[in-house]
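A.B. asks: Give me the fold of what follows.
(chains A, B, C and D)
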Protein chains: 2
Amino acid sequence: MTILSTDGKPRQRAPSKKSLQTRERILDAAENLFAQRGFEGASIRDIAEAAGVPTALVNFHGGPKDALYFHIVERRAKELSDSRLLALQRARERNGDRPLALRDVLACFIMPYLEKAMHEGAHWRAYARLVAQVSADERWKHISQACFDPTAQVFVEELSRLYPQADKMAVSTGFVFSVASMLTMSTSLWRMEALGDGAGAAALFEERAQILLQFCEHGLDATLGKPTLT
Amino acid sequence: MTILSTDGKPRQRAPSKKSLQTRERILDAAENLFAQRGFEGASIRDIAEAAGVPTALVNFHGGPKDALYFHIVERRAKELSDSRLLALQRARERNGDRPLALRDVLACFIMPYLEKAMHEGAHWRAYARLVAQVSADERWKHISQACFDPTAQVFVEELSRLYPQADKMAVSTGFVFSVASMLTMSTSLWRMEALGDGAGAAALFEERAQILLQFCEHGLDATLGKPTLT
DNA sequence: GTCTATATGTAGATAGAC
DNA sequence: GTCTATCTACATATAGAC
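C.D. replies: Presented below is the predicted three-dimensional model:
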């Protein structure tokens, strides 16, 4: 039974400080390589080399490869979910009795993600690509269910409250379109640059974030604000 | 030098009819497995087994693995591009001097893709997932450049004509968001079902296509119709 | 906890008979 | 064109010394 197995059993003893540092280095290296090359494209050996440890140590700290992958996604998922739910709670408090605006609900979901990717460095940018991989591949459905769906459900329900006449299928469809657009900020900046004139494109992340919010807000409003076509 | 190498050199002799059938079976099997498991996740051996041929025959007809991957994406790219450009040309003819509506431009790009995925069977649905993989991974940038960018550029320029005051960066950003939303129809139906109530979700592809068009049309119009925020 | 050594399986690719 | 057999490299994972 390994430390990082997914069944949640606690370790027998507290790990040493040095062990924790080693473990972090391994997880960070794995996060980077998985994000860059995908699950099958990143080998345990590559990860060990990037972390500067023998390969056996990756398995010791990370367990089997699929458990390592799960754990790396899970590791930052709680922080991200907490940021989103906290933002939502505060927005509700600010509004008192009035219902939230669509733009506010969207911003509570999208901005915590973008802010971490923008301001908290390479780890979160790699993590963002990892999330995109998991979200677009049904083979990782169990990871989405465990790490993302609970929070996503909260936001889908919030949208349903704002547009009570829209059926749930339309709401979840529009929400997934919005998430896909958001994730594409992390996976496809290179594509935007190739299709635009490319001048200073990478520097305009803030501007693109506004475009994203605008895009999703009006797309969702048009989708949910009127009956679905037949 | 193999038949399918990417340098475009012609074969020395015309292949036999039987050879062509074998080749098709291999390419179809590869398309399916690459779409399902990604480039590294699908092995030459898996592909050979799915096609019912010895592994050596996959290399003979497909060349090195990366050339095979490229070729499979390229194989249907031309048909898809042609459908899109033809739809655009016809829409222009229908309109005479009047400029195209945003909705029409979007439909010319999106509908050929969705119609093939809907009505032309499993091959195109697998291909759609393959396109999503390539479009979201910078490692395959050369494939996007060769197979998708020329047509994408035409549509970006068409959008720029409709919104001449919008800068090109905003146009390409909004376009990539739209493409990401479109591709998510092929990769994440399972996610929409998980987040919606799930009842009959898979059967409502047509309805979702309308939602997609509505979403992208109003998202783009809001994004491009007013000056970008600062 | 860490490392060396290794067990065991599978990967991509090709040689050469037919 | 096709297939068998095989080369070589690399994969995941663990055993067992320290």
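
A.B. asks: could you dump stretch A:192-212 to CSV, C-alpha only?
C.D. replies: Only the C-alpha atoms of stretch A:192-212 are listed here, as CSV (Å, rounded to 0.1, in the frame of the first residue of the first chain):
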residue,chain,number,x,y,z
MET,A,192,-4.8,32.4,-31.3
GLU,A,193,-1.4,33.9,-32.1
ALA,A,194,-1.1,31.9,-35.3
LEU,A,195,-4.5,33.1,-36.5
GLY,A,196,-4.2,36.7,-35.3
ASP,A,197,-1.5,39.1,-36.4
GLY,A,198,0.5,37.8,-33.5
ALA,A,199,1.9,41.1,-32.4
GLY,A,200,2.3,41.1,-28.6
ALA,A,201,-0.3,38.5,-28.3
ALA,A,202,1.1,36.7,-25.3
ALA,A,203,1.3,39.9,-23.3
LEU,A,204,-2.5,40.6,-23.6
PHE,A,205,-3.7,37.9,-21.3
GLU,A,206,-5.8,40.4,-19.2
GLU,A,207,-7.5,41.6,-22.3
ARG,A,208,-8.2,38.1,-23.5
ALA,A,209,-9.8,37.3,-20.1
GLN,A,210,-12.2,40.2,-20.6
ILE,A,211,-13.0,38.8,-24.0
LEU,A,212,-13.6,35.4,-22.5
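
A.B. asks: Sort out which residues of that stretch are buried, please.
C.D. replies: For stretch A:192-212, a neighbour-count test (16 or more other C-beta atoms under 10 Å in any protein chain shown) marks A:M192, A:E193, A:A194, A:L195, A:G196, A:A201, A:L204, A:E207, A:R208, A:A209, A:I211, A:L212 as buried. Yep, even glycine has a C-beta here, placed from its N, CA and C like the rest.

A.B. asks: In helices, which of those residues appear?
C.D. replies: A:M192, A:E193, A:A194, A:L195, A:E207, A:R208, A:A209, A:I211, A:L212 (DSSP state H).

A.B. asks: ok, and which of these reach DNA strand D?
C.D. replies: Counting by C-beta under 7 Å from any atom of the strand, nothing from these sits close to DNA strand D.

A.B. asks: rewinding a little: farthest pair in the buried residues of stretch A:192-212?
C.D. replies: Greatest spacing in the buried residues of stretch A:192-212, by C-beta to C-beta: A:A194 and A:A209 (20.0 Å).

A.B. asks: that older thread, arrange the ones in helices among the buried residues of stretch A:192-212 in CSV, one row each, with distance to chain B as further columns.
C.D. replies: Formatted as CSV, these follow (distance: C-beta to the nearest C-beta, whole Å):
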residue, distance to chain B
A:M192, 5
A:E193, 8
A:A194, 6
A:L195, 4
A:E207, 6
A:R208, 5
A:A209, 10
A:I211, 5
A:L212, 7
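
A.B. asks: now the helices for chain A?
C.D. replies: A:17-41, A:44-51, A:55-62, A:65-95, A:102-119, A:122-135, A:141-147, A:149-162, A:168-187, A:189-195, A:205-224.

A.B. asks: Skipping adjacent residues, who's closest to the residue nearest in space to the middle of chain A in space?
C.D. replies: Compute the mean C-alpha point of chain A, and by C-alpha atoms, centre = their mean the closest residue is A:V131, 4.3 Å away. Closest residue to A:V131 apart from its sequence neighbours, by C-beta to C-beta, 6 or more residues apart in numbering or on different chains: A:L183 at 6.5 Å.

A.B. asks: and the one you found, what is it in contact with?
C.D. replies: A:A128, A:V131, A:A132, A:S135, A:A136, B:A180 (C-beta atoms under 8 Å, 6 or more residues apart in numbering or on different chains).

A.B. asks: ok, of those, which one's closest to A:K65?
C.D. replies: A:V131 (18.7 Å).

A.B. asks: quick one: buried residues of stretch A:99-114?
C.D. replies: Result for stretch A:99-114 [16+ other C-beta under 10 Å]: buried residues A:100, A:102, A:104-114.

A.B. asks: about what we covered before: looking at the ones in helices among the buried residues of stretch A:192-212, which is nearest A:A146?
C.D. replies: Of these, the one sitting nearest to A:A146 (C-beta to C-beta) turns out to be A:L212, at 26.2 Å.

A.B. asks: Is it correct that the closest one is in contact with A:A180?
C.D. replies: No: counting by C-beta atoms under 8 Å, A:A180 is not a contact partner of A:L212; they are 11.1 Å apart.

A.B. asks: Could you list the low-pLDDT ranges of chain A?
C.D. replies: Across chain A, the ranges flagged by pLDDT under 70 are A:1-13, A:198-203, A:227-230.

A.B. asks: Could you list the domains of it?
C.D. replies: A:17-63, A:74-224 (automatic domain parsing).

A.B. asks: can you put the ones you listed in CSV and add distance to B:V156?
C.D. replies: Below are the domains of chain A laid out as CSV (distance: least, C-beta to C-beta, whole Å):
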stretch, distance to B:V156
domain A:17-63, 27
domain A:74-224, 5
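
A.B. asks: out of those domains, nearest to DNA strand C?
C.D. replies: Of all those, it is domain A:17-63 that lies closest to DNA strand C, at 3.3 Å by C-beta to the nearest atom of the strand.

A.B. asks: Which residues of chain A lie near DNA strand D?
C.D. replies: Going by C-beta under 7 Å from any atom of the strand, the residues of chain A near DNA strand D are A:A42, A:S43, A:I44, A:R45, A:D46, A:T55, A:A56, A:N59, A:F60, A:P64, A:K65, A:D66.

A.B. asks: and if we set it to 10 Å?
C.D. replies: A:2, A:33, A:39-49, A:54-60, A:62-69 (C-beta under 10 Å from any atom of the strand).

A.B. asks: how near is the closest residue to A:K65 other than its chain neighbours to A:L57?
C.D. replies: Distances taken as C-beta to C-beta, 6+ apart place A:I44 nearest to A:K65, at 6.2 Å, with adjacent residues excluded. Taking C-beta to C-beta, to the nearest Å as the measure, A:I44 falls 10 Å from A:L57.

A.B. asks: Same question for A:T187.
C.D. replies: 30 Å.

A.B. asks: now do A:E93
C.D. replies: 46 Å.

A.B. asks: now swap in A:A166 and tell me
C.D. replies: Taking C-beta to C-beta, one finds A:A166 at 51 Å from A:L57.

A.B. asks: So for those two, which residue has more residues nearby?
C.D. replies: Set A:A166 next to A:L57 and count neighbours by other C-beta atoms under 10 Å in any protein chain shown: A:A166 wins out with 21 against 16.

A.B. asks: Let me see the contact set for that one.
C.D. replies: A:S160, A:T223, A:L224, A:G225, A:T228.

A.B. asks: again, only using 10 Å
C.D. replies: A:L159, A:S160, A:T173, A:G174, A:L220, A:T223, A:L224, A:G225, A:K226, A:P227, A:T228, B:I211 (C-beta atoms under 10 Å, 6 or more residues apart in numbering or on different chains).
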